[in-house]
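K.L.:
Sharing a model prediction with you, sequence too.
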Amino acid sequence: MAITTNLGLMTVDEYHRLGETGALDEDARVELVDGRIVEMPPIGPRHAFNVNRLNQLFMFRLIGRIVLSIQNPVTFGPRLERQPDVTLLDPHANDPDFYKTNRATPSDVLLIVEVSDSTLQTDLVEKSKQYAEHAIADYWVADLQGDQVWVHREPTPNGYSSVTTVARGESISTLAFPDVTFTVDEILG
């Protein structure tokens, strides 16, 4: 499904107005990608399990240091708003109500994790390019089929210049919190 306005590509503000007027169900599994509303695949049990697992893992290890956002929007530009599976956001300690009136943007993002059970190509190519273009410094893909985590760092306008994989038995830390270690086994479940 792709929807555009009569004038062409939709902006994030127009997209949000569709939700505010009821023309777009707030529970619809859609994202705004390059000005078009695009359906997201249904969430399967394994995907949901791993997102919930990451929710608990990050909350337990980083409580008080982050705002944990699960499948909520991040506005990347005037025509791009994704809903990453897991996003660690700057808590804006001086303004605890920051996200009450502000949309999360790339400058707020500490880490994005996509859980990939059936969307690996999209996560590694399309989303990776978009996240790099918007300077997301730390992007992980939990590859459930490949039993590994793809770690993307050093964003450039053309993609990430550092992409590595970590396998079961290995550990990783976020760039924002190098003092906190996660095992791949914990991440993949």
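P.N.:
Arrived safely, thanks for sending.
K.L.:
the helices in this structure, which residues?
P.N.:
Residue ranges of the helices in the chain, as given by DSSP state H, are 12-20, 45-62, 98-101, 120-121, 128-133, 184-188.
K.L.:
I'd like a version of these in a markdown table, one that adds mean pLDDT and mean neighbour count as further columns.
P.N.:
Every C-beta, even on glycine, is put in place using the N, C-alpha and C of the backbone. What follows is the helices of the chain, written out as a markdown table (pLDDT from 0 to 100; neighbours: other C-beta atoms under 10 Å):
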| stretch | mean pLDDT | mean neighbour count |
| --- | --- | --- |
| helix 12-20 | 86 | 15 |
| helix 45-62 | 96 | 16 |
| helix 98-101 | 96 | 12 |
| helix 120-121 | 94 | 13 |
| helix 128-133 | 97 | 20 |
| helix 184-188 | 96 | 17 |
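K.L.:
To Tyr139, which of those helices lies closest?
P.N.:
helix 128-133 (4.9 Å; C-beta to C-beta).
K.L.:
Against which helices or strands is the closest one packed?
P.N.:
Contact partners of helix 128-133 among helices and strands, from 3 or more C-beta pairs under 8 Å, 6 or more residues apart in numbering; DSSP states H and E: strand 138-143, strand 148-156, strand 159-167.
K.L.:
hmm, back to that, tabulate the helices of the chain (a markdown table), appending distance to Val33.
P.N.:
Output for the helices of the chain, formatted as a markdown table (distance: least, C-beta to C-beta, whole Å):
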| stretch | distance to Val33 |
| --- | --- |
| helix 12-20 | 10 |
| helix 45-62 | 19 |
| helix 98-101 | 22 |
| helix 120-121 | 15 |
| helix 128-133 | 8 |
| helix 184-188 | 26 |
